[in-house]
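In: what shape does this take:
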Amino acid sequence: MELSDSWELFSALERLKLLENSPPLWWPAYGTFEVVIGAILTQNTQWERVQISLENLRVRELIDPEVLSKCHHEILMELIRPSGLFKAKATNLIRLSRNMIEEYGDFETFSLSVDRDWLLGQKGIGPETADSILCYACARPAMVVDAYTARLLNAFGYEFESYDELQEWCEAGVRGYFDAVQLPAAFARFHGMIVEYVKRNSKGKIISILKLTEI
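Out: Residues are numbered from 1 along each chain as shown. Predicted coordinates:
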């Protein structure tokens, strides 16, 4: 069974109401600097572990790029230890915060002005992290694709050779159904629905995924 395009998948997922108990645009603290931190902390770890680290940072009032840029490396390492790879992540977070302040002055200007190339030029930020920041922190029309996306589409017989190819397939079928104002939220929800669907069906058979379009 194949999908005609990504709009068919989007529509099927929408009918399942997967985000009913989630924040409206899925990622907690959408549109804030906290998303930037979370996008880096969630690399190679579970979101539950990231939430512990984020709470540690909230308690120390470090969810701010200027404050975080001045944080002592060893202190930050301990605060984000639950997220794993804490030495590298602490280094990358401090460096990114400093570069953000130097280049843009504050998070608000960053969110309005930053582009994908700038993000990809930062150490520790690859395509998925860059698009997560653009989509969920900056409210840009960037579709995040990940292992969940690839797994779901593989169940429909699709295989993609690169991140960009997978992203383009997901974006192409959806673009025509939303205007420029609506598209960022649509991509945010699309990614969130894919993640929620695959997580909930991770122990099921592929047939449960293939039946998705029959609903």
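In: just how off-centre is the helix or strand that contains Glu48 within its chain?
Out: Assigned by DSSP states H and E, Glu48 belongs to helix 47-59. What separates the centre of helix 47-59 from the centre of its chain is 16 Å, taken as C-alpha atoms, centre = their mean, to the nearest Å.
In: got the contact list for the closest residue in space to Leu96 that isn't next to it in sequence?
Out: Excluding the flanking residues, the one nearest Leu96 by C-beta to C-beta, 6 or more residues apart in numbering is Gln122, at 5.4 Å. Any C-beta I mention is one placed from the backbone N, CA and C, and that applies to glycine too. Gln122 makes contacts with Asn92, Arg95, Leu96, Asn99, as judged by C-beta atoms under 8 Å, 6 or more residues apart in numbering.
In: okay, buried residues for the helix holding Glu48 please.
Out: Arg49, Val50, Gln51, Ser53, Leu54, Asn56, Leu57 (16 or more other C-beta atoms under 10 Å).
In: same question, stretch 85-97
Out: Residues Leu85, Phe86, Lys89, Ala90, Asn92, Leu93, Ile94, Leu96, Ser97 are the ones in stretch 85-97 that count as buried (16+ other C-beta under 10 Å).
In: circling back: looking at the contacts of Gln122, which is nearest Asp131?
Out: Leu96 (15.4 Å; C-beta to C-beta).
In: which SSE is the closest one in?
Out: helix 86-104.
In: could you check the angle that helix makes with helix 47-59?
Out: Per axes from the mean of the first three to the mean of the last three C-alpha atoms, to 10 degrees, the angle that helix 86-104 makes with helix 47-59 is 60 degrees.
In: packing partners for helix 86-104?
Out: Helix 86-104 sits against helix 33-41, helix 65-69, helix 73-79, helix 107-113, with contacts defined as 3 or more C-beta pairs under 8 Å, 6 or more residues apart in numbering; DSSP states H and E.
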